[in-house]
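Peer 1: could you work out the structure for the sequence below:
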Amino acid sequence: MSSSFIDASVGFPSDYVPVTPHNTVNNVDGTRLMGFYATVAGDIVVSVRGVDRTIPISANTPLIIRGVSLLKATGTTATGIFAIYL
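Peer 2: Got it, this is the predicted structure:
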């Protein structure tokens, strides 16, 4: 099973882009995504390789995850969400 964590040797973030959660529109570029950052803690619901995952995210702390194609609105309670890109 492959890891959903990124190898830090790949590089450092090049951009933080605000993301609006949506249930059907692919709102993140999964090929460059390193993870997420939220200004207000809560849960995020992401689709990872077609499987929905609910993940708690702390305020002002990066959450590193790969393989995400969609940040879903339903179930996402964190706000001020940014996608972290390579």
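Peer 1: for the rest of this, base every contact and every neighbour count on C-alpha atoms.
Peer 2: Will do.
Peer 1: isn't A38 right next to T77, touching?
Peer 2: No - the criterion here is Cα atoms under 8 Å, and A38 misses it with T77 at 10.3 Å.
Peer 1: neighbour count: the two, which is higher?
Peer 2: Higher neighbour count among A38 and T77: A38, with 23 against 15, using other Cα atoms under 10 Å.
Peer 1: wait, a strand at that one?
Peer 2: Yes - with DSSP: H, G, I helix; E, B strand; the rest coil as the criterion, A38 is located in a strand.
Peer 1: roughly how far apart are it and G50?
Peer 2: Distance, A38 to G50, by Cα to Cα, to the nearest Å: 23 Å.
Peer 1: now Y16. Nearest residue, chain neighbours left out?
Peer 2: Spatial nearest neighbour of Y16, excluding adjacent residues (Cα to Cα, 6 or more residues apart in numbering): I84 at 4.7 Å.
Peer 1: which SSE is that neighbour in?
Peer 2: strand 79-85 (DSSP states H and E).
Peer 1: CA atoms only: put that strand into PDB for me.
Peer 2: In PDB, the C-alpha atoms belonging to strand 79-85 read as follows (Å, rounded to 0.1, in the frame of the first residue of the first chain):
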ATOM      1  CA  THR A  79     -12.900  27.100   7.300                       C
ATOM      2  CA  GLY A  80     -10.400  29.300   5.700                       C
ATOM      3  CA  ILE A  81      -9.000  26.300   3.800                       C
ATOM      4  CA  PHE A  82      -6.000  26.600   1.500                       C
ATOM      5  CA  ALA A  83      -4.500  24.000  -0.800                       C
ATOM      6  CA  ILE A  84      -0.700  23.700  -0.400                       C
ATOM      7  CA  TYR A  85       1.000  23.100  -3.800                       C
END
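Peer 1: which residues are contacting it?
Peer 2: Strand 79-85 has contacts (Cα atoms under 8 Å, 6 or more residues apart in numbering) with 13-20, 28, 32-42.
Peer 1: if I pick Y37, what's in contact with it?
Peer 2: By Cα under 8 Å, 6+ apart, the contact set of Y37 is I57, A59, N60, T61, P62, L63, G80, I81, F82, A83, I84.
Peer 1: show me which of those residues are buried.
Peer 2: I57, A59, P62, L63, I81, F82, A83, I84 (16 or more other Cα atoms under 10 Å).
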